[in-house]
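S.K.: Sharing a model prediction with you, sequence too.
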Amino acid sequence: MLIDRVNVYEVRLPFLGEFSHATRKRTESKNIVVQVIGDQGSIKGYGEGVPRIGVTGETQQSAVQSIEHFVNRDGFPWNLNRASDIWDMVDGVSQNKKHHAALCALETALLDCLGKKQGSSIIEYCPKDTLTNHVQYGAILTLNSNERIVESCDMIRNLGINTLKVKLGGDFEQNNFILDTVRNVFGDECRITVDLTTGWDHVFALRHLSLFERHKVAIVEQPFAPGDQNIGDFARLVQERGIVLMADESVCSLDDAEMNCRDGLFQMVNIRLSKCGGFRRSLRLVNYLRSRQIPFQIGCHMGESGILSAAGRILCLVCNDAEFCEGSYDALLLRENLTRKDVSFGYGGRAEPLVGNGLGVEVSSDTLQRLSQSITSIFPK
């Protein structure tokens, strides 16, 4: 298949409301979407990345520049015939995490295009040793007013989900209220992860230890910014209480994992496609963690459209040994989506493989155009 051109869209996806975490409030998600057009316009593949300064150091603009650079390199597969053409391109890119969202979007669009050409799912291009036939997603409780927290807990309980990631902020009393509410609504059977989103300092984090213990928190995710010298002391204290410390922003690559997991500070890692650079790099990171018996979860970025949700579904399906999975929250978060059909999970968080070639989703070109702030087209030289 000959690729005609690559289009890169800077999109803004509006949320249903205002969503918060420890460091900022958002009403929209600024993402990038890559469209790969092949066979004289007859085949279109899509991929998505979520550039975040606080995660990989990327912006929409820097991600577009990275994609332009990758496409103009000699190793770009303008004549795309097999998945190894894509893997070779990815392997030829430096390990710098500052282009991971860009690489994720481009790699996924190429895989989607190839799958549509060959009449197969992207699953066929992934290792299938740990393939499963369905995904069991957990839910995310975002920061909000106390009234909305109660409403959200009731809604999640009515969905039949009892695995919960709870976003906490900078107000100790509200954090106490949130965890009290979760336990009151769900009881002791709910498995709680708290996500501090690198928004706390050491003293404030230590103040929460008794709170975590009392509410039987199972996992604490990334309490400080990467490289914070206080992480060692905090890791020891949470582990003494039987709580797992999970890395997120501190582990975006294989090099990060080797540096941050070998000393035992983090006992678990959150794998997110956009954060980790797409399928190739995410699966290599998963294999590294498996080889060292370090648990992992498959996570997501708030504000993913159905494109990245579909990609995340595939990663979850080929990783049945993930401790738990997050994603496919489209209908719960987005006012508008880029895919024609909803990619959200069903009752109990259960989700099946998507039916169709490539990613298994159909993108609305009209909606993509309307929600795009800028479009960059790249042609063969």
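M.R.: Happy to help now that I have it. Computed from a predicted structure; not experimentally measured.

S.K.: use CA for all of it now, contacts and neighbours both
M.R.: Noted.

S.K.: Pretty sure L164 sits in a strand.
M.R.: Yes - per DSSP: H, G, I helix; E, B strand; the rest coil, L164 lies within a strand segment.

S.K.: Counting neighbours, what do you get for M155?
M.R.: 12 (other CA atoms under 10 Å).

S.K.: go on, T193?
M.R.: Counted with other CA under 10 Å, T193 comes out at 23.

S.K.: Mind listing the residues bridging to it?
M.R.: K165, I219 (DSSP bridges).

S.K.: okay, it: pLDDT?
M.R.: What the model reports for T193 is a pLDDT of 97.

S.K.: That one reaches L164, doesn't it?
M.R.: Yes - counting by CA atoms under 8 Å, T193 touches L164, with 6.3 Å between them.

S.K.: Check the offset of the longest helix seen in the chain from the chain's centre.
M.R.: With DSSP state H setting the assignment, residue counts place helix 100-118 as the longest helix in the chain. In terms of CA atoms, centre = their mean, to the nearest Å, the centre of helix 100-118 is found 16 Å from the chain centre.

S.K.: Restrict it to CA atoms and write it as PDB.
M.R.: Taking Å, rounded to 0.1, in the frame of the first residue of the first chain, the C-alpha atoms of helix 100-118 are listed here in PDB:
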ATOM      1  CA  HIS A 100       5.800   9.900  22.900                       C
ATOM      2  CA  ALA A 101       2.300  11.300  22.400                       C
ATOM      3  CA  ALA A 102       3.300  12.100  18.800                       C
ATOM      4  CA  LEU A 103       4.800   8.700  18.200                       C
ATOM      5  CA  CYS A 104       1.700   7.000  19.700                       C
ATOM      6  CA  ALA A 105      -0.600   8.900  17.300                       C
ATOM      7  CA  LEU A 106       1.500   8.200  14.200                       C
ATOM      8  CA  GLU A 107       2.200   4.500  15.000                       C
ATOM      9  CA  THR A 108      -1.500   3.900  15.700                       C
ATOM     10  CA  ALA A 109      -2.700   5.600  12.500                       C
ATOM     11  CA  LEU A 110      -0.300   3.400  10.500                       C
ATOM     12  CA  LEU A 111      -1.500   0.300  12.200                       C
ATOM     13  CA  ASP A 112      -5.100   1.300  11.600                       C
ATOM     14  CA  CYS A 113      -4.400   1.900   8.000                       C
ATOM     15  CA  LEU A 114      -2.600  -1.400   7.600                       C
ATOM     16  CA  GLY A 115      -5.300  -3.300   9.400                       C
ATOM     17  CA  LYS A 116      -8.000  -1.900   7.100                       C
ATOM     18  CA  LYS A 117      -5.900  -2.700   4.000                       C
ATOM     19  CA  GLN A 118      -5.300  -6.300   5.100                       C
END
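
S.K.: after it, next one along is what?
M.R.: strand 135-136 (DSSP states H and E).

S.K.: which helices and strands does the longest helix of the chain pack with?
M.R.: strand 25-38, strand 43-49, helix 60-72, helix 83-91, helix 273-276, helix 279-291 (3 or more CA pairs under 8 Å, 6 or more residues apart in numbering; DSSP states H and E).

S.K.: do that again at 7 Å, thanks
M.R.: Helices and strands touching helix 100-118, by 3 or more CA pairs under 7 Å, 6 or more residues apart in numbering; DSSP states H and E, are strand 25-38, strand 43-49, helix 60-72, helix 273-276.
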